[in-house]
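kindly return the folded structure for what I paste below:
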Amino acid sequence: MMRKARNMAAIAIAASAALTLGACSAGSDTSDSAESTTEAMAEGTLRVAMGSPGEAQIAVWDDVAAQFQAANPGITVEMNYVDDDLYQTVGLPNLLSGRDAPDVFFEWAGARLQSRYDGGYTADVSEYVDGGVLSGIWADSAFSSGTIDGQKLLVPHKADVTNVLFYNVDIFNEVGIEPPATWEEFLETCDALTAAGYTPLATGNKDLWAAGNWLGHLTSRIVGEDVYDSALKLESSFADPEWVEAFGYIKEMVDRGCVNDSANAINDNEGAQLFFQGEAAMHPIGSWLVSWAIGEAPDLNFDYVNLPSMPGAGDQNSVIGVVTGYAINANSPLKDQAAAFLALANNEEFVAKFVAAEAVPLALSTANTELEPRSASLNTMLGSAVTIVGPPDTDYDLAVADAFYRAVAEVLGGVSTPEEAAAKLAAEVE
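Model prediction:
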């Protein structure tokens with residue numbers, strides 16, 4: 001969903017609140033120790049599920065689990081780190097419907113959280129936030145995007161920019177080019193990089209979301225955020241001419257040789273490796289790449305720019321992003337313990353550890369930490385954005401998002417023309 005400055009999005013407020021309101025947390029007693037967020041509790045196994053956040057953040061979560069267990073001898077914490085692509089497709093639904101369903105699970109604000117709410121899987125955490133164990137950790141605005149029907153359903157953890165254009169600084173310096181600011185400059189950059197023997201841009205779109213998210217943002221710049229929003233809500237048609245025009249820019253990029261030929265055959269991890277290994281000079285992906293690259297390619301000299309401006313109707317400075325966090329299973333017998341676990345994970349000690357692992361939590365105490373410069377810059381970009389575009393697979397119906405992503409992939413792979421892709425997409429979802 002697109003949000004305008006006149007009713008500033010909760011995601012932007014939440015992203016900036018963590019940096020600007022840290023002083024408000026000075027009197028909070030939620031950050032002293034595991035004991036400060038837990039009491040004597042019943043025995044049982046507390047199950048926590050999430051897509052794999054990378055080794056550095058896994059180490060922090062394991063530390064949270066160990067401290068929680070030490071403070072609560074009757075509780076065993078079972079951490080379940082699922083392959084990220086699997087988690088966001090069939091992994092989480094299978095876990096929730098299984099015998100040992102998670103008590104706490106990672107989710108995205110938007111349509112995905114709505115789906116869990118509709119399925120009866122999300123507990124209202126308002127009692128814990130409004131004077132309970134989760135009070136005083138976040139600004140009130142951090143809960144806005146995770147509130148449905150007046151119920152606080154998502155305990156916020158991070159706000160991510162889900163796509164920018166990362167680039168290899170050393171390669172750009174070698175070739176003598178600057179990061180592109182416009183579409184024409186982007187195409188010229190592709191030409192220069194190809195001539196120098198590099199793959200201009202790498203993406204791994206086997207699971208559809210990687211290029212779908214990136215090119216979804218690009219199409220919003222062309223058709224305009226209102227048209228993007230209404231089409232994904234099925235309030236207007238993908239058969240309208242502006243969508244053929246938007247898909248035409250994807251084809252132009254492919255025809256110009258900007259993207260790796262293997263784009264639809266490899267996954268996002270493999271696409272990132274082409275960037276990490278210096279084979280590709282650019283990589284469009286979200287803010288989580290910063291910690292990923294630091295961990296896997298520590299010598300990589302990289303930076304980012306927002307997507308280049310397009311000759312279209314949208315806000316050419318728009319940012320695409322989403323709030324993520326953790327829900328407590330409405331069917332869990334350990335709701336109190338789950339809330340206490342999340343309070344511990346977001347206390348000042350663990351916020352600092354997450355920041356050291358290159359995550360940027362939304363907790364107020366983030367303001368007391370020193371952020372990695374690129375992560376801080378991304379967070380500021382999101383927090384100050386006038387227009388925030390929601391990713392198709394988090395802010396909209398998942399079936400519509402999947403159909404949109406397949407249409408994008410068909411144009412990217414040369415399987416369909418822009419006209420064919422738009423017509424097929426319209427017929428499938430309308």
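
contact partners for the residue nearest to Gly295 when sequence neighbours are not counted?
Excluding the flanking residues, the one nearest Gly295 by Cβ to Cβ, 6 or more residues apart in numbering is Ala56, at 5.7 Å. No exception for glycine: its C-beta is placed from N, CA and C like everyone else's. Neighbouring residues of Ala56 by Cβ atoms under 8 Å, 6 or more residues apart in numbering: 291, 295, 356-358.

could you measure from Ala56 over to Phe68?
20 Å (Cβ to Cβ, to the nearest Å).

on that earlier part again, which helix or strand contains the residue nearest to Gly295?
Under the criterion of DSSP states H and E, Ala56 resides in helix 55-71.

so which bits of that helix are buried?
56-57, 60-61, 64-65, 67-69, 71 (16 or more other Cβ atoms under 10 Å).

quick one on the thing from earlier: out of the contacts of Ala56, which are buried?
291, 356-358.

show only the entries of those found in helices.
291, 356 (DSSP state H).

and the buried ones among the contacts of Ala56, which is closest to Ala422?
Ser291 (36.8 Å; Cβ to Cβ).

in what helix or strand does Ala421 lie?
Assigned by DSSP H and E, Ala421 falls in helix 418-429.

buried residues, that helix. List them.
Using 16+ other Cβ under 10 Å as the test for burial, helix 418-429 gives 418, 421-426, 429.

now stretch 231-248
Applying 16+ other Cβ under 10 Å to stretch 231-248 flags 231-232, 236-240, 242-248 as buried.

specify the local secondary structure of Phe105.
strand (DSSP: H, G, I helix; E, B strand; the rest coil).

okay if I get the buried residues of helix 418-429 as TSV plus pLDDT and distance to Ala123?
TSV is the format used below for the buried residues of helix 418-429 (pLDDT from 0 to 100; distance: Cβ to Cβ, whole Å):
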residue	pLDDT	distance to Ala123
Pro418	98	45
Ala421	98	41
Ala422	98	41
Ala423	98	43
Lys424	97	40
Leu425	98	36
Ala426	98	38
Val429	96	32
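
which one of those is nearest to Leu113?
Among the buried residues of helix 418-429, and counting by Cβ to Cβ, the member closest to Leu113 is Val429, at 21.4 Å.

what's next to stretch 219-232, contact-wise?
1-2, 216, 236-238, 240, 242-243, 245-247, 249-250, 307, 309-316, 318, 320, 387, 389, 392, 395-397, 400-401, 404, 408.

which helix or strand contains Asn80?
strand 75-82.

mind listing what's buried along that strand?
Buried-residue list, strand 75-82, by 16+ other Cβ under 10 Å: 75, 77, 79-82.

which strands border it, and is each parallel or antiparallel?
Counting by DSSP bridges, the strands paired with strand 75-82 are strand 44-51 (parallel).

what does Val259 show for phi and psi?
The phi/psi pair for Val259 (degrees, to the nearest 10) reads phi -110, psi 150.

identify the bridge partners of it.
Leu201.

ok, it - contacts?
200-203, 253, 412.

so what's it scoring on pLDDT?
Looking at Val259, its pLDDT stands at 98.

okay, now Lys115: neighbour count?
Just to correct that, residue 115 is Ser rather than Lys. 16 (other Cβ atoms under 10 Å).

show me what contacts it?
For Ser115, the contacting residues are Leu398, by Cβ under 8 Å, 6+ apart.

roughly how far apart are it and Gly314?
Distance from Ser115 to Gly314, by Cβ to Cβ: 27 Å.

then Leu208?
Where Gly314 is concerned, Leu208 sits at a distance of 22 Å (Cβ to Cβ).

these two: who's more crowded?
Between Leu208 and Gly314, counting by other Cβ under 10 Å, Gly314 is the more crowded of the two (24 against 20).

leaving out the residues flanking it, which one is nearest to that one?
Per Cβ to Cβ, 6+ apart, closest to Gly314 is Arg221, 4.2 Å.

ok, that neighbour to Leu289 distance?
21 Å.

neighbour count winner among the two?
Arg221 (27 against 24).

can you check the pLDDT for the more buried one?
For Arg221, the model assigns a pLDDT of 97.

element containing Ile328, please.
Counting by DSSP H and E, Ile328 is found in strand 319-328.

what is the end-to-end distance of stretch 293-310?
Taking Cα to Cα, to the nearest Å, stretch 293-310 runs 28 Å from one end to the other.

quick one: buried residues of it?
Quick answer for stretch 293-310 (16+ other Cβ under 10 Å): 293-294, 296-297, 300, 302, 304, 306-310.

just send the buried ones among the contacts of Ala56 back as a markdown table, with pLDDT too.
Below are these laid out as a markdown table (pLDDT from 0 to 100):
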| residue | pLDDT |
| --- | --- |
| Ser291 | 84 |
| Ala356 | 90 |
| Ala357 | 87 |
| Glu358 | 80 |
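
picking that back up, now, the most widely separated pair of the contacts of Ala56?
Gly295 and Ala356 (11.8 Å).

can you give me the neighbour number for Ile285?
25.

Asp160 is in contact with that one, correct?
No: counting by Cβ atoms under 8 Å, Ile285 does not reach Asp160; the two are 10.5 Å apart.

name the helix or strand of this structure that has the lowest mean pLDDT.
helix 10-20 (a mean of 52; mean pLDDT, DSSP states H and E).

and the helices in the stretch 151-300 of the chain?
169-175, 183-195, 209-223, 225-232, 241-255, 268-276, 289-296 (DSSP state H, counting those that start in this stretch).

could you dump the ones you listed to a markdown table with distance to Thr324?
Shown next, in a markdown table, are the helices of the stretch 151-300 of the chain (distance: least, Cβ to Cβ, whole Å):
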| stretch | distance to Thr324 |
| --- | --- |
| helix 169-175 | 28 |
| helix 183-195 | 29 |
| helix 209-223 | 14 |
| helix 225-232 | 20 |
| helix 241-255 | 27 |
| helix 268-276 | 16 |
| helix 289-296 | 14 |
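
just name the most buried of those helices.
The highest average neighbour count among the helices of the stretch 151-300 of the chain, using mean count of other Cβ atoms under 10 Å, belongs to helix 209-223 at a mean of 26.

just the angle for that helix relative to helix 225-232, thanks.
130 degrees (axes from the mean of the first three to the mean of the last three Cα atoms, to 10 degrees).

CA-only coordinates of helix 209-223, as PDB, when you get a sec.
Provided in PDB are the C-alpha atoms of helix 209-223 (Å, rounded to 0.1, in the frame of the first residue of the first chain):
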ATOM      1  CA  TRP A 209      10.100 -12.100  -5.000                       C
ATOM      2  CA  ALA A 210      13.600 -10.700  -5.500                       C
ATOM      3  CA  ALA A 211      13.100  -9.200  -8.900                       C
ATOM      4  CA  GLY A 212       9.300  -8.900  -8.300                       C
ATOM      5  CA  ASN A 213      10.000  -6.500  -5.300                       C
ATOM      6  CA  TRP A 214      12.600  -4.500  -7.100                       C
ATOM      7  CA  LEU A 215      10.700  -4.200 -10.400                       C
ATOM      8  CA  GLY A 216       7.400  -3.700  -8.500                       C
ATOM      9  CA  HIS A 217       9.000  -0.500  -7.100                       C
ATOM     10  CA  LEU A 218      10.200   0.400 -10.600                       C
ATOM     11  CA  THR A 219       6.700   0.000 -12.100                       C
ATOM     12  CA  SER A 220       5.200   2.100  -9.300                       C
ATOM     13  CA  ARG A 221       7.500   5.000 -10.400                       C
ATOM     14  CA  ILE A 222       6.100   4.700 -13.900                       C
ATOM     15  CA  VAL A 223       2.300   4.100 -13.400                       C
END
